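Undergrad: For reference, the sequence and a predicted model appear below.
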Amino acid sequence: MAVQTQTENNFLNYVNGEWVGSDTNETIINKNPANTEDVVGQVQKSSRDDLNKAVSAANTARNSWRNLAGAQRGQYLFKAADILESRLEEIAECMTREMGKTFPEAKGETARGVAILRYYAGEGMRKVGDVIPSSDSEALMFTTRAPLGVVGVITPWNFPVAIPVWKTAPALIYGNTVVLKPATEAAVTCAKVFECFEEAGLPAGVVNMVTGPGSIIGQGLAEHPEVNGITFTGSNIVGKSIGQTALERGAKYQLEMGGKNPVIVADDADLDLAVEATISGGLRSTGQKCTATSRVIVHSEVYEKFKDKLVSKVKEISIGDGMKDGIWMGPSVSESQLNTVLSYIEKGKEEGTLLCGGERLCGGEYDKGYFVAPTVFDDITTDAVIAQEEIFGPVLALMKVEDMEEAIDLANDVEYGLSASIFTTNIQKMLSFINDMDAGLVRINSESAGVELQAPFGGMKQSSSHSREQGEAAKEFFTAIKTVFVK
Ligand SMILES: NC(=O)C1=CN([C@@H]2O[C@H](COP(=O)(O)OP(=O)(O)OC[C@H]3O[C@@H](n4cnc5c(N)ncnc54)[C@H](OP(=O)(O)O)[C@@H]3O)[C@@H](O)[C@H]2O)C=CC1
Ligand SMILES: O=C(O)CCC(=O)C(=O)O
């Protein structure tokens with residue numbers, strides 16, 4: 001077997017503090033979805049044996065890592081943050097080339113990765129328990145927290161830096177070791193994040209990354225008897241199967257999955273603000289966010305005015321290679337994602353009225369990539385497929401309502417409950433939205449996407465396993481509470 005080395009565009013697995021090639025000696029080539037002639041890099045097409053080595057390294061490292069003081073673990077995260085910050089532009093460029101989001105968005109996401117690392121680095125010095133009065137006056141009773149052990153992290157391609165970091169950083173700070181399997185479509189960018197962990201000097205085995213097919217490496221993590229917890233973000237179908245596998249063997253799991261997020265535009269809304277936020281929430285990152293707006297529920301009194309403003313602004317969107325100045329929206333991540341989006345668009349044409357977009361973009365530079373026009377449909381009813389299923393593309397469905405009650409009923413009439421927003425200037429409408437909306441994230445006069453790293457994030461209904469990530473909430477997943485009684 002030829003020995004491979006990590007180079008500028010050949011990325012290996014990171015196992016036990018070293019970059020190693022897969023036993024299979026096979027690689028996967030990642031190309032730029034804006035220009036498929038541009039090869040971004042290649043990653044390992046790993047096997048279960050490769051995964052087993054990573055899990056074994058993480059298992060060996062777990063005791064010495066958990067025995068460090070939280071502040072010591074935090075120092076490694078502070079270092080990793082500094083290194084990621086120093087490589088921000090390079091890593092953001094790689095992200096844009098690998099999965100298509102625009103360079104400014106990629107820079108914003110990488111900066112968010114830096115901030116997440118610093119936030120959790122600080123967590124190493126914050127409290128982990130409470131003193132609870134015992135009924136025995138001579139005893140001391142308190143809670144402390146134990147790490148789970150080895151945590152398996154399975155991440156999607158739509159946030160190639162932020163999601164690996166927001167799962168790995170809390171896992172580490174609370175004393176766990178990690179084996180991460182990134183989405184294949186964004187694995188080169190993730191490997192660069194792991195180079196930052198390497199340079200920060202994390203002890204061997206504490207963080208490991210194995211690339212390869214989800215059905216082999218992802219499923220292998222879910223099944224592995226030495227993996228104590230699994231955290232996943234991605235599709236519902238895969239998430240549920242991971243949850244079932246983890247449950248069967250008694251491992252802890254956390255799933256963040258789809259969304260079908262509504263925005264309600266009330267009759268008293270600031271329409272310009274609502275239009276801007278609907279476009280930003282629905283179409284940024286080419287609609288490839290679980291928090292993206294996809295259903296636009298508008299009061300009949302302002303419907304026509306809102307629709308005209310929305311469509312004229314959507315038509316102004318510049319689409320192209322996200323590395324180019326002035327481009328607002330990049331391509332879909334892959335040919336298969338593009339085809340999924342196009343098939344939903346065809347469905348939408350049967351179910352409603354196409355107002356703009358509705359096609360793959362062709363000609364010139366577009367022929368080299370996976371570009372789709374931002375698309376708006378009118379006259380969509382709640383039972384339409386495009387009003388019910390997650391599309392993960394730049395598609396908005398407009399729905400007309402007569403009052404607030406109908407708006408909230410419609411907004412709740414999906415299997416998902418991740419994020420929702422309302423545009424109104426009326427406090428009563430805000431309050432009923434906050435109360436009655438079944439979503440983990442409710443936003444008033446602000447777009448449905450946009451997650452703050454210090455606040456809990458997660459969904460209701462089919463959007464998550466009912467747990468929360470980020471902020472202090474991460475502690476609940478990555479640790480187990482121990483109640484201590486001392487006499
Ligand atoms: N909630 C969210 O943020 C996201 C939602 N999605 C939704 O999912 C749809 C499909 O996207 P896709 O990338 O295929 O999402 P997946 O759910 O297939 O992928 C997410 C992660 O799971 C891995 N994976 C795939 N199959 C398995 C398996 N059997 N066991 C364990 N892990 C597995 C993937 O690996 P690999 O990349 O190697 O396949 C990837 O790392 C999108 O159109 C969108 O609707 C997608 C991404 C993010
Ligand atoms: O909106 C965000 O910033 C986060 C979205 C997210 O977690 C996702 O799309 O997977």
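TA: Yes, it's here. Ligands and ions are numbered 1, 2, ... in the order given.

Undergrad: wait, what's in contact with Gly205?
TA: Gly205 is in contact with 16-17, 57-61, 177, counting by Cβ atoms under 8 Å, 6 or more residues apart in numbering. No exception for glycine: its C-beta is placed from N, CA and C like everyone else's.

Undergrad: Okay, and which of these map to helices?
TA: Counted as lying in helices by DSSP state H, out of the contacts of Gly205, are 57-61.

Undergrad: so who does Thr231 touch?
TA: Taking Cβ under 8 Å, 6+ apart, one finds 151-154, 167, 171, 253-254, 469, 477 in contact with Thr231.

Undergrad: Among those residues, which one lies nearest to ligand 1?
TA: The closest of the contacts of Thr231 to ligand 1 turns out to be Ile154 (Cβ to the nearest ligand atom; 4.9 Å).

Undergrad: how far away is that closest one from Thr231?
TA: With distances taken as Cβ to Cβ, to the nearest Å, Ile154 is found 7 Å from Thr231.

Undergrad: Let me know the next secondary structure element after the helix or strand hosting Tyr76.
TA: Following DSSP states H and E, one finds Tyr76 within helix 70-86. Reading on from helix 70-86 to the C-terminus, the next helix or strand found by DSSP H and E is helix 88-99.

Undergrad: starting at the chain centroid, how far to whichever helix or strand comes after that next one?
TA: Next helix or strand after helix 88-99 toward the C-terminus (DSSP H and E): helix 103-123. Computed by Cα atoms, centre = their mean, to the nearest Å, the chain-centroid distance of helix 103-123 equals 13 Å.

Undergrad: just to revisit the earlier point, show me which pair in the contacts of Gly205 is furthest apart.
TA: Maximum pairwise distance among the contacts of Gly205 (Cβ to Cβ): 14.3 Å, between Gly17 and Asn59.

Undergrad: Give me the buried positions along the host helix or strand of Leu310.
TA: If you go by DSSP H and E, Leu310 is part of helix 300-314. Neighbour-count burial for helix 300-314, counted by 16 or more other Cβ atoms under 10 Å, picks out 302-303, 306-307, 309-311, 313-314.

Undergrad: any idea which of those is the one closest to ligand 1?
TA: Val314 (21.2 Å).

Undergrad: who touches the closest one in this structure?
TA: 279, 283, 356-357, 374, 376, 396.

Undergrad: change it to 7 Å
TA: By Cβ atoms under 7 Å, 6 or more residues apart in numbering, Val314 lies in contact with 279, 356, 374, 376.

Undergrad: follow-up on the earlier one: among the contacts of Thr231, which ones are buried?
TA: Here, 16+ other Cβ under 10 Å leaves 151-154, 167, 171, 253-254, 469, 477 buried among the contacts of Thr231.

Undergrad: tell me the two of these that are most distant?
TA: Gly152 and Glu469 (14.9 Å).

Undergrad: how about stretch 106-118, does it reach ligand 1?
TA: No: Stretch 106-118 is not in contact with ligand 1 by Cβ under 6 Å from any ligand atom; minimum separation 13.1 Å.

Undergrad: Cross the contacts of Val314 against helices and list the overlap.
TA: Reading helices off the contacts of Val314 with DSSP H, I get Ile279.

Undergrad: can you list the domains in the chain?
TA: 13-257+464-486, 261-452 (automatic domain parsing).

Undergrad: would CSV of those with mean pLDDT and distance to Thr7 be doable?
TA: Below are the domains of the chain laid out as CSV (pLDDT from 0 to 100; distance: least, Cβ to Cβ, whole Å):
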stretch, mean pLDDT, distance to Thr7
domain 13-257+464-486, 98, 9
domain 261-452, 98, 22
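
Undergrad: Of all these, which one comes closest to ligand 2?
TA: domain 261-452 (3.6 Å).

Undergrad: interface residues of this protein facing ligand 1?
TA: Proximity of the chain to ligand 1 (Cβ under 6 Å from any ligand atom) is limited to residues 154-158, 181, 183-185, 213-215, 218-219, 222, 233-235, 238, 241-242, 256-258, 290, 337, 340, 390, 392.

Undergrad: Can you verify Phe485 is assigned to a helix?
TA: No: going by DSSP: H, G, I helix; E, B strand; the rest coil, the assignment for Phe485 is strand, not a helix.

Undergrad: separation between it and ligand 1?
TA: 40 Å (Cβ to the nearest ligand atom, to the nearest Å).

Undergrad: Can you report how many residues lie near that residue?
TA: 11 (other Cβ atoms under 10 Å).

Undergrad: In three-state terms, how would the closest residue in space to it that isn't next to it in sequence be classified?
TA: Once flanking residues are discounted, Phe485 sits nearest to Met141: 5.1 Å by Cβ to Cβ, 6 or more residues apart in numbering. Three-state call for Met141 (three-state DSSP): strand.

Undergrad: ok, Met141 - contacts?
TA: Neighbour list for Met141: 132, 134, 484-485 [criterion: Cβ under 7 Å, 6+ apart].

Undergrad: and the stretch 351-487 of the chain, which residues reach ligand 2?
TA: 449-451.

Undergrad: Show me the one in these that has more neighbours than the rest.
TA: With neighbours taken as other Cβ under 10 Å, the top of these is Ala449, carrying 24 neighbours.

Undergrad: Now do the helix or strand containing Gln219: distance to the chain's middle.
TA: According to DSSP H and E, Gln219 maps onto helix 219-223. Taking the mean of its C-alpha atoms, helix 219-223 sits 20 Å from the chain's own mean (Cα atoms, centre = their mean).

Undergrad: picking that back up, could you export the buried ones among the contacts of Thr231 as TSV, including secondary structure?
TA: Shown next, in TSV, are the buried ones among the contacts of Thr231 (three-state DSSP):
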residue	secondary structure
Val151	strand
Gly152	strand
Val153	strand
Ile154	strand
Lys167	helix
Ala171	helix
Tyr253	strand
Gln254	strand
Glu469	strand
Phe477	helix
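
Undergrad: quick one: which of those residues is nearest Asp49?
TA: Ranked by distance to Asp49 (Cβ to Cβ), those are led by Gly152 at 16.3 Å.

Undergrad: Is that closest one bridged to anything, and to what?
TA: In this entry, Gly152 is beta-bridged to Val179, Ile230, by DSSP bridges.

Undergrad: Please list all residues in contact with it.
TA: Listed by Cβ under 7 Å, 6+ apart, the contact set of Gly152 reads 179, 221-222, 224, 227, 230.

Undergrad: can you rerun that using 8 Å?
TA: 55, 178-181, 221-222, 224, 227, 229-231.

Undergrad: re earlier: tell me what the helix holding Gln219 is packed against?
TA: Packed against helix 219-223 by the contact rule (3 or more Cβ pairs under 8 Å, 6 or more residues apart in numbering; DSSP states H and E) you find helix 48-67, strand 150-154, helix 236-248.

Undergrad: Pick the most deeply packed of those.
TA: Mean neighbour counts were taken over the helices and strands packed on helix 219-223 using mean count of other Cβ atoms under 10 Å, and the top value, a mean of 29, falls to strand 150-154.
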